[in-house]
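Engineer: sequence-free structure coming up:
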Ligand SMILES: [Zn+2]
Ligand SMILES: [Zn+2]
């Protein structure tokens, strides 16, 4: 009897261990299946998210750059932002159309300062087309007081403050002080993983300006004049002094030296802007910057792209 009892006990033990093993196997099977299915669901969700909300490709180009008119475009397939409005409305429209862009997709115009080569069509864009125009209070006052701007702005004015970020759709924008002989700002744009800085009409590169230049992956920077051409040129002495003073413009050499000294490998694109027609040449500006960068071992064209923005021509479009 004892042996039968022992045998039963053993049998129960075996049954328990078998059941335990089975349930373990079953659990393991379901756990593995669950993980497999979860991975598939996650991969599918990522694909769907990319299909439904693809990361927007942005592009940048210049519609014209220099004392005869400045206007730059930054945007994606849904909307665009113009920086400065120094080109007449008809040409602005025509040059945008060359890249298939209509005024209706321009969500904002940002103004750097109130000099006429930056604000020529601001009244038209703001009041006639009802595109919001962003500028500091002082710049808006300058635009309103300018005898050259025909259309007075009312409803389209948007006030910004230096150092206080604002948002246009997916783009975070910060205006910062740029020394010039008028209240002037540079703009720092953050979108997706990109950082783009625009600095024009800069008398000098202050610590603050340097801070925003050094953060950029994409940089639009003034390279206004060749120092020898200005020195030996026909400009009257007071004008030469105004240009070279800390509140005038940046020379090719100043820009080249700064870029070579402060180069960061995250910088992918450099566009030289606002070249003088009398005291500079595109090839000279390019060579001056290229030479300084090369001297520091930076491979122009492979490590970083360098382009000169022409005065009266639409530039190529760069996508990123
Ligand atoms: Zn200017
Ligand atoms: Zn200016």
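Structural biologist: In hand now; what should we look at? Since we're looking at a predicted model, the values are computed, not measured. Numbering: from 1, shown residues only. Ligands and ions are numbered 1, 2, ... in the order given.
Engineer: Kindly check the end-to-end length of stretch 135-151 for me.
Structural biologist: For stretch 135-151, the first-to-last residue distance is 16 Å (Cα to Cα, to the nearest Å).
Engineer: Are that stretch and ligand 2 in contact anywhere?
Structural biologist: No. Taking Cβ under 5 Å from the ion as the criterion, stretch 135-151 and ligand 2 are apart, separated by no less than 10.9 Å. Every C-beta, even on glycine, is put in place using the N, C-alpha and C of the backbone.
Engineer: Do a quick rundown of the helices in the stretch 101-250 of the chain.
Structural biologist: 116-119, 122-123, 137-145, 207-214, 227-232, 237-244 (DSSP state H, counting those that start in this stretch).
Engineer: Contacts only, for residue 174.
Structural biologist: Residues in contact with residue 174 (Cβ atoms under 8 Å, 6 or more residues apart in numbering) are 163, 164, 165, 166, 187, 188, 190, 212.
Engineer: In this structure residue 170 contacts residue 58, no?
Structural biologist: No. Under the criterion of Cβ atoms under 8 Å, residue 170 makes no contact with residue 58, lying 9.0 Å away.
Engineer: Quickly note the distance from the nearest residue to residue 285 once chain neighbours are set aside to ligand 2.
Structural biologist: Excluding its sequence neighbours, the residue lying closest to residue 285 (Cβ to Cβ, 6 or more residues apart in numbering) is residue 223, at 4.5 Å. Using Cβ to the ion, to the nearest Å, residue 223 is found at 15 Å from ligand 2.
Engineer: Run a quick neighbour tally on residue 223.
Structural biologist: 30 (other Cβ atoms under 10 Å).
Engineer: if I pick it, what's in contact with it?
Structural biologist: If a contact means Cβ under 8 Å, 6+ apart, then residue 223 has 250-252, 255-256, 272-275, 280, 285, 288-289, 308 as its contacts.
Engineer: count of neighbours near the residue lying closest to residue 210 once chain neighbours are set aside?
Structural biologist: Nearest residue to residue 210, sequence neighbours excluded (Cβ to Cβ, 6+ apart): residue 262, at 6.7 Å. Residue neighbour count, defined by other Cβ under 10 Å, stands at 12 for residue 262.
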